[in-house]
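K.L.:
could you look at this predicted model? Sequence included:
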2 protein chains.
Amino acid sequence: MEMVKGVKKSECLELEELRKEECKGKSVKVRGAVHTIRDMGTVAFVILRRRDGLIQCVYEKGVSDFEIKDIKEAASVEVTGIVSGAEKAPHGIEIRLRQIRILSEPAAPMPLPVAKWKMNTSLEAKLNYRPVSLRNIRERARFRIQEGLVRGFRDFLYGQGFTEIHTPKIGAKSAEGGANLFRLDYFHRPAVLQQSPQFYKQMMTGVFDRVFETAPVFRAEKHNTKRHLNEYTSLDFEMGYIDGFEDIMAMETGYLQYTMKLLEREYGDQLQILGVELPKTDQIPAVRFDEIKRLVSEEYGRAIRSPYDLEPEEEVLISRYAKEKWDADFVFVTHYPSRKRPFYAMDDPEDSKYTLSFDLLFRGMEITTGGQRIHDYHSLLKKMEQRGMTEEGMEQYLSAFKYGMPPHGGLGIGLERLTMKLTGDDNVRETTLFPRDMSRLEP
Amino acid sequence: MEMVKGVKKSECLELEELRKEECKGKSVKVRGAVHTIRDMGTVAFVILRRRDGLIQCVYEKGVSDFEIKDIKEAASVEVTGIVSGAEKAPHGIEIRLRQIRILSEPAAPMPLPVAKWKMNTSLEAKLNYRPVSLRNIRERARFRIQEGLVRGFRDFLYGQGFTEIHTPKIGAKSAEGGANLFRLDYFHRPAVLQQSPQFYKQMMTGVFDRVFETAPVFRAEKHNTKRHLNEYTSLDFEMGYIDGFEDIMAMETGYLQYTMKLLEREYGDQLQILGVELPKTDQIPAVRFDEIKRLVSEEYGRAIRSPYDLEPEEEVLISRYAKEKWDADFVFVTHYPSRKRPFYAMDDPEDSKYTLSFDLLFRGMEITTGGQRIHDYHSLLKKMEQRGMTEEGMEQYLSAFKYGMPPHGGLGIGLERLTMKLTGDDNVRETTLFPRDMSRLEP
């Protein structure tokens, strides 16, 4: 029997430690992957790739106790050497190599030029070789930034009194009706994969007042576009005791403000790698659906073709308008037509053709749908009846309302889309670790 | 167009604000659900339920500007009244009611006695009425504690240089082979739900060195026990550049140490509601599989029936032994027999009948399986061949190894089981918001 006492300090150093002034001239041990080797005869540069960045190591024939030919690119190694300042090296330091210990070796040369600054590889090839292509510094930086976006969501909401929940992804019935559902056999019973935690998060406002979830959702949509995925990560929250859907927009704005600061503070190196400029979030314009449609149509001379919905082109123009007129990267579009919103959306009491709901557009694309929901049991039943819906399979959801629910509303944010617009990518697959689309089920 | 500027301070107060000394004697507004009403004629106690706790409000006939009969249990309300100290009330304060505004009303009386301290309701009934039964203070406390467990996991690992990842739940093939998989039709192609993010997190150690994921996993196991679910939340991490599987146990111990402190600091009220005593985590004994089997067999006079695995009863006895001999609530059982571990587990070079792996038992139940994995491409191929496995469908996984992977290992923690053993529950469904088992697909 031995006692495990927790994490011990490793004798191998992190980049942050190596950069300290007192480290200079010292002998250190560092582990990492051999990202690339530039062999110039008696001297060679061995660049190590670590989670915290690249480290330049210098091989010197006669000084280093090994032969450079024994080191392969993509090997995992532990190097021992002397730290010294080096202005042109990443992070201003380099390690003059003494010893090297091979921890693991590849069995084949790399199929993609991952050590290049820009790989110039097609999206298709990058996705086919995902475990390899992500070893490129720029490719992986997107996902470090994505981490910041989801981390900020949780941290901000914890601070606002939200409780994190985990709701089931397999269910008997889904929130938004029968279309676009993946179906499976659940011990000889028909089941579906949830396309949203909508019903669950609503029910839980009656328990925890404010809840959130960050989890996968599944949509069997037969779309094959640059903005659709069949499985994605949804950042969902739902809050009770609201005065109106404006509270939801305020909370989302608060999230974005909090998270841009978090990114600046903790993910600055990753933002720099991708040249990302953070959007302004101090104030976000909110404009009515009808009004912005008209404004954009007038401003850019584009006829309104679809009065009840926004076409992708219109989203681009609305964002352009918001940038030109209000210097805004984000814009809330409010009061969506009722016929395009699900049954649980609350209609505007002043005009029931519209709902107390909104979308958030970011640089030309919808990244959020949200709004106030119906909380009154009888109103909910009435709306379902108007839509010709039956209560079958909805008993549990409806029972939450029967036994009392606070006024509430919420939203869902598509994590991959938010990342995509932030990093300036033009295809949502770029910011999805392992995308699932109509033709892609692997890796 | 209006500008949304972020979260505004509400004029309705939180419990924390109400408890401040300077609030006493002041008129305040508070929102919440009517948890229960105790009507004593000219005086009535109206207990509000909020996310942050219960608040006692006092109705006084003639002083309060409304009739107590107009207030229903389970209504959502906004009350206005004067804060005063009240030793016997929850949190030492009460609100003497002046006005009340009904925000939302129930349509039927509560089907369960949620306002009681202990509901004395069967698990089956509680699960059938989940959105209602969770309104009980003790029922919901479990999930606040569960939040702390997953929050601590992420926060601790962020601090240890891990990157959070989101891996797909729909796949062409799964990590652990063909059994126990839910199958679905994915645009006319056969697909499965992932029973673990195993392959993905391993591949990502080649990119981010250290990764974690907190997400649902799906197991079509035909078990109907108190400890099995068909969908649960798995806390997974995987770390590269390890010296051995001991590093994984050290990291898990670090997580538990960090999280018990977090629970103590931020979830004290919830621990108190359930009377939870936090386990000691300063040191966790680790003992070999063979050795602990023998020790337990000798100590408690129980024959070893299954030499390659631990029976549930044996897990209970091992925990008992650890408590009696080492005063430990947790115990690592190391060096599991190779034949009971998946192909990717690394065999002990000193005796290949055993693996460099472990389980963590907590108060009589396995809550974690982890260990070092094979990182060498040729060794992995050899192990697969020994097991009669084909490379078909494994190409992407294997390619990560072909192009070099660091020595690595990791683990998966069942969140609901960890919560269950911490809260002292005897059925994992108690600590699952909406459990999925062989007979339960709703709510």
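P.N.:
That came through fine. Bear in mind the structure is a predicted one, so any value in this text is a computation, not a measurement.
K.L.:
now do the contacts for the residue of chain A positioned farthest from its centre.
P.N.:
Within chain A, the residue lying farthest from the chain centre (CA atoms, centre = their mean) is A:Gly62, at 48.4 Å. Residues near A:Gly62 by CB atoms under 8 Å, 6 or more residues apart in numbering or on different chains: A:Thr42. To be clear about C-beta, it is placed using only N, CA and C from the backbone, and glycine gets the same treatment.
K.L.:
roughly how far does it sit from A:Ala44?
P.N.:
Separation of A:Gly62 from A:Ala44 (CB to CB, to the nearest Å): 12 Å.
K.L.:
and if you look at A:Lys382?
P.N.:
Distance of A:Lys382 to A:Ala44, given as CB to CB: 76 Å.
K.L.:
quick one, which of these two is more surrounded?
P.N.:
Using other CB atoms under 10 Å in any protein chain shown as the criterion, A:Lys382 and A:Ala44 rank with A:Ala44 on top: 19 against 12.
K.L.:
find the nearest non-adjacent residue to the more buried one, please.
P.N.:
Distance criterion CB to CB, 6 or more residues apart in numbering or on different chains; nearest residue to A:Ala44, sequence neighbours excluded, is A:Tyr59 at 4.1 Å.
K.L.:
ok but the one you found is inside a helix, no?
P.N.:
No - checked against DSSP: H, G, I helix; E, B strand; the rest coil, A:Tyr59 lies outside a helix; its state is strand.
K.L.:
can you list the domains in chain A?
P.N.:
According to automatic domain parsing, chain A comprises the domains A:15-104, A:137-431.
K.L.:
what's the helix or strand that A:Glu124 is a member of packed up against?
P.N.:
Using DSSP states H and E, A:Glu124 sits in helix A:123-128. With contacts taken as 3 or more CB pairs under 8 Å, 6 or more residues apart in numbering or on different chains; DSSP states H and E, helix A:123-128 sits against helix A:130-133.
K.L.:
helix or strand next in line after the helix it packs on, which one?
P.N.:
helix A:137-159.
K.L.:
quick check: residues of the stretch 1-150 of chain A near chain B?
P.N.:
Proximity of the stretch 1-150 of chain A to chain B, by CB under 8 Å from any CB of the partner chain, involves residues A:1-8, A:12, A:14, A:31-33, A:50-52, A:72, A:74-76, A:103-108, A:110-111, A:129-132, A:134-135, A:140, A:143-144, A:146-147, A:150.
K.L.:
which of those are buried?
P.N.:
A:4, A:6-7, A:12, A:31-33, A:50-52, A:72, A:74-76, A:103-107, A:110, A:129-132, A:134-135, A:140, A:143-144, A:146-147, A:150 (16 or more other CB atoms under 10 Å in any protein chain shown).
K.L.:
and the helices in chain A?
P.N.:
Ranges of helices in chain A, per DSSP state H, are A:15-18, A:123-128, A:130-133, A:137-159, A:198-208, A:245-266, A:268-274, A:289-300, A:312-326, A:377-386, A:395-402, A:415-423.
K.L.:
make CSV from those and add mean pLDDT to it.
P.N.:
Below are the helices of chain A laid out as CSV (pLDDT from 0 to 100):
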stretch, mean pLDDT
helix A:15-18, 94
helix A:123-128, 95
helix A:130-133, 95
helix A:137-159, 98
helix A:198-208, 97
helix A:245-266, 98
helix A:268-274, 97
helix A:289-300, 96
helix A:312-326, 96
helix A:377-386, 96
helix A:395-402, 94
helix A:415-423, 98
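K.L.:
most packed of those helices?
P.N.:
Stretch with highest mean neighbour count among the helices of chain A: helix A:198-208 (a mean of 26; mean count of other CB atoms under 10 Å in any protein chain shown).
K.L.:
I figured the residue nearest to A:Ala44 hits A:Gln99, correct?
P.N.:
No - using CB atoms under 8 Å, A:Tyr59 is not in contact with A:Gln99; the gap is 11.2 Å.
K.L.:
overlap of the contact sets of those two?
P.N.:
Counting by CB under 8 Å, 6+ apart, A:Tyr59 and A:Gln99 have no shared contacts at all.
K.L.:
state the distance from the nearest residue to A:Leu415 once chain neighbours are set aside to A:Ile413.
P.N.:
With sequence-adjacent residues excluded and distances taken as CB to CB, 6+ apart, A:Leu415 is closest to A:Thr233, at 4.1 Å. The gap separating A:Thr233 from A:Ile413 is 9 Å, by CB to CB.
K.L.:
A:Met3 now?
P.N.:
Relative to A:Ile413, A:Met3 is positioned 44 Å away (CB to CB).
K.L.:
do the same with A:Gly370
P.N.:
Taking CB to CB, one finds A:Gly370 at 9 Å from A:Ile413.
K.L.:
so what sits against both of those two?
P.N.:
Common contacts of A:Gly370 and A:Ile413 (CB under 8 Å, 6+ apart): A:Glu252, A:Leu360.
K.L.:
how far away is A:Pro342 from A:Met384?
P.N.:
Taken as CB to CB, the span from A:Pro342 to A:Met384 is 11 Å.
K.L.:
repeat for A:Lys293
P.N.:
From A:Lys293 over to A:Met384 the distance is 29 Å, taken as CB to CB.
K.L.:
same check on A:Met249?
P.N.:
26 Å.
K.L.:
ok, now A:Ala345?
P.N.:
12 Å.
K.L.:
the residue nearest to A:Leu415 reaches B:Thr167, doesn't it?
P.N.:
No - the criterion here is CB under 8 Å, and A:Thr233 misses it with B:Thr167 at 10.0 Å.
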